[in-house]
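Enquirer: no sequence for this one, just the structure:
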């Protein structure tokens, strides 16, 4: 390998960017590393808030962009987007020749990245391996683990699970999740104009009054039930009577059903307490949830960043099932009554003690330091055979 | 699910067809199952002996064909072929709507199949999970396991490894490998005209005299070394002085280097003892190796079918490293002298005792019976979390 | 060719369906023809009103569906959608083996269809060749002509232009446009519940009072100007003070800008006279425009069906430049004042005399009859060389 | 546009490189232009002589490479290769942002280039427009014309045909074909070691004795007849009894049939007068044909470069039908007897007077000069409407 290793980070969505940004910065600033950045998939789309603009504002210039979303938000198109991602990323990797590819979590773009790189004999580094959830993400996360050459799990249990799955011990590094670094480093004061910085549609939100944040994604393995599921949440929210910052769901199969639920509700009820946002910068998102009265939905941020900040969180349905969580989370099924009740309990409780379950805020630097010196064995071997 | 479950088998290469044929037959004949057959990738290519013609001759009519090989046989094109396979298979699955997709082993077409089906919430059934080898196949096999909903491992150790990797116990069925069924059922007498049935190029082979069979594929994780590696084998073979039936390598990255080695050797030495074949039918291939003096190279058939038939086998290099094997295999590195010596030892030894390490010849029927009644849980769950 | 020729129609959008439906029906009912139907691209998307549902309601069952839109609505993604369409359609054609492929007009799906079929030696039949417009459609339409083996132009001038471009005389058949057949055959009475049949968002429309219809697509060759362009139209409309049925734009590059203009206007002005629709069935769309006070925008339907029905039409900008038109059209640039004035003039004028410029309502049957007996020469030849 | 216009040349095959090389050089050296170079398709493949290595040796460094051949060489895979080419080229264009894309002739990669660029509002420059031939190239060439913004035809007739097809006069520039520049500029002395510079297989060729050159490609519109067609040529050649330098056919549909014919002949007849080559550098190819006794087959080089150099040429079948030609060409059908007789006549005749029908050797510089100053109108318009 050359003196300065080229570390290629592939960023494909709002969520992924916040989970890898501190590692990108650490790589960019590391004397023995060079950052290559590919931005693709929903991170390029206006509909998801043009994450690429935020990335550029943060001082990262993409080496190349990769359009790979086949439109439709169905199981078929999600599969096809994966295939298109592999096709495109292979071309990019051939032209920019990274020494290592770093990929995040468990999305279809993640496995597309891992497949392209591993077939091309480029070592794959992976964050968030060993965690447990619902949705197709659960299968994909572990499949990516089996394609990856170095692992940066976020929790002790995840670290142990990776070893049990047969990953070789010297390739697994418990660094915590880079998302915690952002929390640790950012000034999380609520900017008075936060709700004005992003357009969106709906009622104005008064930052001086309590507000909820809702973020509920489709569950791919429950495809077809998204409309019903989101309706339960909407019914619960409408009874709470508190202003709400609501983020549109991600690009997964079923997103259309969720969006339809939101649009229909908005059209029929014309609620004066709801504002819909496409996106926030990673730090503004942290500020947003840091100061909310309760974070509602099925985003992993309630469990991950939520634990670190002690945010009251109501987690709905199966998307996060099996994932580790702190005391800040109350789990409920897709039932309006139970969602409402759980929000009520969280409002009564208020903030929780912070927890470092998912990291202590140093992951990005650790990852960069390890990538700078690691020996990679392209030929993987199941640890069971010794 | 409907009364007759639609089981879609995806066949992509010569090797895969022989490893799944008995299961295809059992599915085709099962009263509660319907066979859907997709044929794609190298199974469509003249260069690899037009496997699709053999499939049709066997009485299986493809539901659809899928061209997905991006030409080049480099790491990049192998990645891109995977992506193209996902794109295409997703379309096919959408249009034929299988209840289960059955995929074989560890090739790029295998993971393409598993990704397309699993994102589409179609249960994935997988054979050969839990085995250990070299090459990128090692990573891909385990990744496919993590995407699969039901597993049909071939050996006891593979069964155990699948459980250790976190697959849930009721989804893992030790059936043996369907390839053994073919051996058990076929008339393996050597047809006098076997060597005339297939065209190929080179010297005539006399079936009444001893012959070697050589089959050496590229090792993707050692890309760039194929020419040197095959030259060692060619040097060894040229010293043995026995007639040889040599099969061209598969479509993996590096195939060009191996083929170049073969062509250069043929052009320079004009050997009067070598015949090159593109392909045999699965049964003819079994007859071919059943009666050979020694099977040389790095094909898994030496270890799998070879164990069942007790064929003397010299296994070269890393491609099969870590795989279980019977007494019939001698392992050697890429060194002409050691290859030659090992062949000499095998010629002196002759046939071995058969072993049922990889199955007892009933796998196809077992697989069909299980697929007919299995309950599939689309939402996978790592068994460690209970 | 077989007794019953298989004619494959590829339908990719709302607009294309209405322009080919009568030919589909005629093919379906023709004793010597068999209809194969591929539905793809935006015709599959919820965002464009799920045209496929309307097609099924009309009694046409798709032979297969083809997802091929790469999301983004930029020039890049429009190009990529074309490429993906070619990839997918080639697979479909290989599996369903049509005798002729019939493709409509000038969209990226049209050229994708023509390329796939012509490289596969399948005769390509084409409607709307020889017309002249703006946008990339202008280039694409003529390119499709050069790939097509039989032409069904809509107008006499188009017929002449095809000959001048070098198409051989016996391959060019002046049939008129099948869209006119729908107008001729449908009961165009305004259903009292028309505006309730389709969901959409915005104010209720009273069918007993006059209304405008607006349909303004992006112009790909003016990419980046869509927001400004649509704002002019919105300003004009807001001054007219008449209720409006507004259709969302198509999937072309720049659609996002147009949609953004519409959403921003709606959010800021909360207009009580605007209803936004995704789609209508072809016949309902005809009823809608038949009874409108004025059809505003840049849709070709103002010029084509508009001529046949004598609908007052204000055509904005360059998208239709050079296209033939009847007396019913007033052309204006992207300027609010001029748009408003032209609408005013049309409201004062009222309905026009019908014109058969684009056909007399018999195109579908003519096309089917010709396809049933035509001799196709796969090898094209520029007529200039004799 | 910026001070130095970025001109992106897309090179996809052996033939295309020689036809554009002088323009590439002129662009590279032009003070107001910058050369961007994409190399893809068969130009990357070892099987076609790794044209990319020759390009690099000539001092052109590819900006990026693009793998886009879907393997199979059938009509289906040719279509799919076109689609994959569009997908890939769109990504590359987005990332390197050319001001103009320059594309050559009439191949599937040519139309892929033209589609990607024209949908992206990048002006397309095209060489060899307006010529007439057989094969699918005939349709594709004219389709590319309709997508192109500036034309550099090679002959006066082609120039006239472009105008008749409706291209606007100020966009059509009669420059001649850049291939002639190479002939005019190169030292065409036959290097004594020419036949040793390239590997290939078969008999040694003695440069001091007369030799034939054969180059016969598949005709896509006669798919399935390649084996028979090439057999006629082989029979004719075998009767001439002169040594032969034979080039493998290109990647078009049917190539497999032609190659099979060559391999079968070689295997059965073991001819001691035939050497098969994959490729020559453009200049070495000119030297090769300059000194041959007769150029046989259906390559356009017999008509184009052949005219300029006065090479006796026997043109077989329909691939070049309708193309302009000089006195140096005798046309024959696919019949061994007639091929043999025509070769005999050419051997008796010897060299012809040179002709500047396809250019006078200044095309490359003219093209560069025009591209440096041209005004491009992205919105095309059929000239017929004035």
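Expert: Received, thanks. This one's a predicted model, so the numbers in the text were calculated from it and none came from an experiment.

Enquirer: so what pLDDT did the residue in the stretch 201-350 of chain A that chain D sits nearest to get?
Expert: Across the stretch 201-350 of chain A, no residue is closer to chain D than residue A:251, which sits at 19.1 Å (Cβ to the nearest Cβ). Heads up, the C-betas are built off the backbone N, CA and C, glycines and all. At residue A:251, the model reports a pLDDT of 90.

Enquirer: against residue A:211, how distant is residue A:269?
Expert: Residue A:269 sits 18 Å away from residue A:211, taking Cβ to Cβ, to the nearest Å as the criterion.

Enquirer: so the two - more neighbours on which side?
Expert: residue A:211 (20 against 11; other Cβ atoms under 10 Å in any protein chain shown).

Enquirer: hang on, isn't the more buried one packed against residue A:205?
Expert: Yes - the pair residue A:211 and residue A:205 passes the contact test of Cβ atoms under 8 Å, sitting 5.8 Å apart.

Enquirer: so what's the nearest residue to residue A:301 once chain neighbours are set aside up against?
Expert: Nearest residue to residue A:301, sequence neighbours excluded (Cβ to Cβ, 6 or more residues apart in numbering or on different chains): residue A:289, at 6.5 Å. Taking Cβ atoms under 8 Å, 6 or more residues apart in numbering or on different chains, we find residue A:289 in contact with A:213, A:295, A:301-302, A:305-306, A:309, A:311.

Enquirer: ramachandran angles for residue A:289?
Expert: Backbone dihedrals for residue A:289, given as degrees, to the nearest 10, come out at phi -80, psi -30.

Enquirer: same check on residue A:11?
Expert: phi -110, psi 130.

Enquirer: ok, now residue A:294?
Expert: Backbone geometry at residue A:294, expressed as degrees, to the nearest 10, gives phi -160, psi 140.

Enquirer: mind listing the residues bridging to it?
Expert: Beta-bridge partners for residue A:294, by DSSP bridges, are residue A:212.

Enquirer: could you tell me how far it is located from chain B?
Expert: 26 Å (Cβ to the nearest Cβ, to the nearest Å).

Enquirer: that residue: neighbour count?
Expert: 27.

Enquirer: isn't it right up against residue A:316?
Expert: No - counting by Cβ under 8 Å, residue A:294 sits too far from residue A:316 to count as a contact (11.9 Å).

Enquirer: residue boundaries of the helices in chain A?
Expert: For chain A, the helices defined by DSSP state H cover A:14-29, A:51-57, A:75-96, A:108-119, A:135-147, A:156-164, A:178-185, A:194-197, A:226-240, A:255-269, A:282-290, A:304-309, A:336-349, A:363-373.

Enquirer: winner for burial among these?
Expert: Compared across the helices of chain A, helix A:108-119 shows the largest average neighbour count, a mean of 30 (mean count of other Cβ atoms under 10 Å in any protein chain shown).

Enquirer: that one and chain D in contact?
Expert: No - taking Cβ under 8 Å from any Cβ of the partner chain as the criterion, helix A:108-119 and chain D are apart, separated by no less than 12.4 Å.

Enquirer: is chain B contacted by that helix?
Expert: Yes - using Cβ under 8 Å from any Cβ, helix A:108-119 reaches chain B at A:108, A:111-112, A:115-119.

Enquirer: could I get those residues as a markdown table with pLDDT?
Expert: Formatted as a markdown table, these follow (pLDDT from 0 to 100):
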| residue | pLDDT |
| --- | --- |
| A:108 | 95 |
| A:111 | 98 |
| A:112 | 98 |
| A:115 | 98 |
| A:116 | 98 |
| A:117 | 98 |
| A:118 | 98 |
| A:119 | 97 |
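
Enquirer: between the residues you listed, which is closest to residue A:371?
Expert: Distance to residue A:371, by Cβ to Cβ, is smallest for residue A:117 among the residues of helix A:108-119 next to chain B, at 13.8 Å.

Enquirer: skip the chain neighbours and tell me the closest residue to that closest one.
Expert: Of all residues not flanking residue A:117 in the chain, residue A:101 sits nearest, at 4.0 Å (Cβ to Cβ, 6+ apart).

Enquirer: counting neighbours, what do you get for the residue nearest to residue A:161 when sequence neighbours are not counted?
Expert: By the measure of Cβ to Cβ, 6+ apart, the closest residue to residue A:161 outside its immediate chain neighbours is residue A:130, 4.0 Å from it. Using other Cβ under 10 Å, residue A:130 is surrounded by 27 other residues.

Enquirer: ok, residue A:130 - contacts?
Expert: Contacts for residue A:130 (Cβ under 8 Å, 6+ apart) come out as A:145, A:151, A:153, A:155, A:157-162, A:165.

Enquirer: let's see it at 7 Å
Expert: Counting by Cβ atoms under 7 Å, 6 or more residues apart in numbering or on different chains, residue A:130 makes contact with A:145, A:153, A:158-159, A:161-162.

Enquirer: also residue A:250?
Expert: Residues near residue A:250 by Cβ under 7 Å, 6+ apart: A:13, A:15, A:42, A:217.

Enquirer: that concludes my questions; thank you for your assistance.
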